[in-house]
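J.: Build me a model:
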Amino acid sequence: MFVSTYEGAIDAKGRVSIPAPFRAALGGSSRVFVWQAPDGSGALEGGGEELMELYRETLAELPLQSPIREAIVTCIIAASADLKIDETGRVKLPDELCEAADLNGKIKFSGQLDSFRIWNPERYNLHQTRMRSIVNAPETLDVFASAYNKVRQRRAASGRSGEVG
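T.: Residues are numbered from 1 along each chain as shown. Modelled structure (predicted):
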């Protein structure tokens, strides 16, 4: 699971060190996939083979002619860079992805549970400000509390503990 936020840097050759906890979340794989986040945030998004397998299974649920399937395949699957993590934990990001995300100098990695993002720090700060205004809205907390309680009830019904330790 990808959690927390880490600072890093991109060198003149476009190489970045994937934070050690994120490499651990990749399950020891030396492959990582990176693409432009499709939400217009300006970040790059990345994940490992497990995420790609989840996407493959999810896309298989959609009809082959589905425009949503085609959009996801085009914007994530086909647009992904399949990168190899070297022995020092670095990857070389493609130039076009660095330009799209305006990456140079300092960068930020943020965990997204199943994936992670790579940010220009200024874009990250703007995004974080927008997200804080949303999370602080009472209706956001109501929606989250409702979903949280549904999960707790489902866990309790299946015999899994509803308690978070």
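J.: got any ranges where the chain has weak pLDDT?
T.: Residues of the chain meeting the criterion pLDDT under 70: 161-165.
J.: Which stretches in it count as helices?
T.: Secondary structure of the chain, counting by DSSP state H: helices at 20-25, 49-60, 67-72, 95-101, 121-135, 138-157.
J.: out of the ones you listed, which comes closest to Glu87?
T.: helix 20-25 (11.4 Å; C-beta to C-beta). Any C-beta I mention is one placed from the backbone N, CA and C, and that applies to glycine too.
J.: before we move on, back to that, quick one: the helices of the chain as TSV, columns for mean neighbour count and distance to Phe109 too.
T.: Below are the helices of the chain laid out as TSV (neighbours: other C-beta atoms under 10 Å; distance: least, C-beta to C-beta, whole Å):
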stretch	mean neighbour count	distance to Phe109
helix 20-25	16	6
helix 49-60	13	15
helix 67-72	13	23
helix 95-101	16	12
helix 121-135	13	9
helix 138-157	11	24
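J.: Between these, which one is closest to Ser110.
T.: So among these, helix 121-135 is nearest, using C-beta to C-beta, at 6.8 Å.
J.: sorry, back to before: of the helices of the chain, which is nearest Asp82?
T.: Set against Asp82 and scored by C-beta to C-beta, these come closest in helix 49-60, at 9.1 Å.
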